[in-house]
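[1] here is my input; please provide its structure:
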Amino acid sequence: MNVAVVGATGMVGEIMLKVLQERKFPITELLPVASERSVGTTIQFNGKEHTVLSMEQAVAMKPAIAIFSAGGAASLEWAPRFAEVGCTVIDNSSTWRMDATKKLIVPEINGHLLGSEDRIIANPNCSTIQLVMALAPLHKAYGVERVIVSTYQSVTGTGVKAMQQLTNERNGVPGEMAYPFRIEGNVIPRCDAFMENGYTKEEMKLVNETQKILDPNIRVTATAVRVPVTGGHSEAVNVEFAKEFQLTEIVRLLEQTPGITVQNDPEQDLYPMPMHANGKDDVFVGRIRRDETQPRTLNLWIVSDNLRKGAATNAVQIAELLVKEGLVKTGVTSV
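    Predicted coordinates for the structure are as follows:
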């Protein structure tokens, strides 16, 4: 099967290729796609050189699946073009997430909703994915009523420019800035642009996407903060349930959930941290304890590599599910 990776030369695109290779996704021919300035260059995949294609060239080859990580404008223009030729698009931008006609998918939670009619599938926001991964089994058991989440987000979520700013500041080197302030030795209580209600776009993604994936009746409020860290996003989460719970049962449910690793032994200093989540696909959950200020309420600490499960791995898992369920054509001629 021909698979296009749109944005193949970008930071997330490179991780997409790495994950596809690691998970031995059944690719007959890889179609790497990037901006015009990269067209004609080559990339390595599975020990072979592949020439970077333009959007037009890739559409003409009618891939079975196209995984997009090329920004919202590219997705808005080109995802429908790929879909028109029978391709199933998995899009990592925010463009289609809240479109009522598109499904927002975390395979472990709602992958069963996918059908052969789904030609554009939205990959959720990185901070949303790790949040709902931990909340989903608890919501099923106890009914989540309200969530308060504060995020501590890696500079990798902003991109290469932000990583370079952090490196420059650590080394005392002047350079271009991704943020309006220095990030080394600082935290910035802003992820993405501010909206009229005083929240940032990132904070509202956490609200709206959580409701779309889990339950529109869950009340969610969020504060998203950028921190001078690479390797993953962290979240302090306060969850109020409809039903009473036992902590031992909470831990058991999380431990039994595919894609979750529980690290919850404070006496041994075992708790999730970005330095340990970096490069891994699981969502790590720890600091599991009651909120002693009110009934039926829990505190959690959730960490995940935002470039892997928060982006690339989740997209590839969607593609794997499409193949497993026979929802995409696989007999595409090699080029």
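
[2] for the rest of this, base every contact and every neighbour count on C-alpha atoms.
    Noted.

[3] buried residues in stretch 4-15?
    In terms of neighbour count (16 or more other Cα atoms under 10 Å), stretch 4-15 has its buried residues at A4, V5, V6, G7, A8, T9, G10, M11, V12, G13, E14, I15.

[4] can you give me the strands in the stretch 151-300 of the chain?
    219-226, 233-241, 260-262, 283-290, 297-304 (DSSP state E, counting those that start in this stretch).

[5] show me the contact partners of the second one.
    Among residues not part of strand 233-241, those counted as contacts by Cα atoms under 8 Å, 6 or more residues apart in numbering are 127, 131, 139, 142-154, 273-274, 291, 296-306.

[6] of the residues you listed, which belong to helices?
    S127, L131, H139, Y142, P274 (DSSP state H).

[7] turn these into JSON lines, columns for neighbour count and distance to A58.
    Below are those laid out as JSON lines (neighbours: other Cα atoms under 10 Å; distance: Cα to Cα, whole Å):
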{"residue": "S127", "neighbour count": "30", "distance to A58": "30"}
{"residue": "L131", "neighbour count": "26", "distance to A58": "34"}
{"residue": "H139", "neighbour count": "19", "distance to A58": "41"}
{"residue": "Y142", "neighbour count": "16", "distance to A58": "47"}
{"residue": "P274", "neighbour count": "21", "distance to A58": "36"}
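
[8] low-confidence stretches in the chain?
    The model of the chain has pLDDT under 70 over residues 331-335.

[9] report the central residue of it.
    The geometric centre of the chain, computed from its C-alpha atoms, lies nearest to G310 (Cα atoms, centre = their mean), at 2.4 Å.

[10] wait, that residue touches Q130, no?
    Yes - using Cα atoms under 8 Å, G310 makes contact with Q130 at a distance of 6.8 Å.

[11] how about the helices in the stretch 101-250 of the chain?
    Under the criterion DSSP state H, counting those that start in this stretch, the stretch 101-250 of the chain contains helices at 107-110, 126-142, 160-171, 201-213, 247-255.

[12] adding distance to D282, write those helices out as JSON lines.
    Listed next are these as JSON lines, based on distance: least, Cα to Cα, whole Å:
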{"stretch": "helix 107-110", "distance to D282": "12"}
{"stretch": "helix 126-142", "distance to D282": "9"}
{"stretch": "helix 160-171", "distance to D282": "23"}
{"stretch": "helix 201-213", "distance to D282": "19"}
{"stretch": "helix 247-255", "distance to D282": "12"}
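
[13] relative to E36, which of those helices is closest?
    For those, the distance to E36 is smallest for helix 160-171, at 19.0 Å, taking Cα to Cα.

[14] who touches the closest one?
    11, 155-156, 174-179, 182-184, 228, 230.

[15] for it, buried residues please.
    Buried-residue list, helix 160-171, by 16+ other Cα under 10 Å: K161, A162, M163, Q164, Q165, L166, T167, N168, E169.

[16] likewise stretch 195-205?
    Y199, T200, K201, E202, E203, M204, K205.

[17] got it, and stretch 130-148?
    In stretch 130-148, counting by 16+ other Cα under 10 Å, buried: 130-139, 142-148.

[18] before we move on, back to that, can I get the buried part of the contacts of helix 160-171 as one PyMOL selection?
    Only the buried entries of those go into this PyMOL selection, using 16+ other Cα under 10 Å:
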select buried, resi 11+155+156+177+178+179+183+228+230
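
[19] tell me which two of the contacts of helix 160-171 sit farthest apart.
    Checking those with Cα to Cα, the most distant pair is M11 and P174, at 22.6 Å.

[20] what's near enough to touch the nearest residue to Q44 once chain neighbours are set aside?
    In this structure, Q44 finds its nearest non-sequential neighbour in H50, 6.2 Å apart by Cα to Cα, 6 or more residues apart in numbering. Contacts for H50 (Cα under 8 Å, 6+ apart) come out as L30, L31, P32, T42, I43, Q44.

[21] list the contacts of the second one.
    It refers to L31. Taking Cα under 8 Å, 6+ apart as the test, what L31 contacts is N2, V3, A4, V5, H50, T51, V52, L53, A58, P63.

[22] would you mind measuring from the third one to R290?
    Read that as A4. 46 Å (Cα to Cα, to the nearest Å).

[23] the fourth one now?
    Distance of V5 to R290, computed by Cα to Cα: 43 Å.

[24] out of the contacts of L31, which are buried?
    The buried subset of the contacts of L31 - by 16+ other Cα under 10 Å - is N2, V3, A4, V5, H50, T51, V52, L53, A58, P63.
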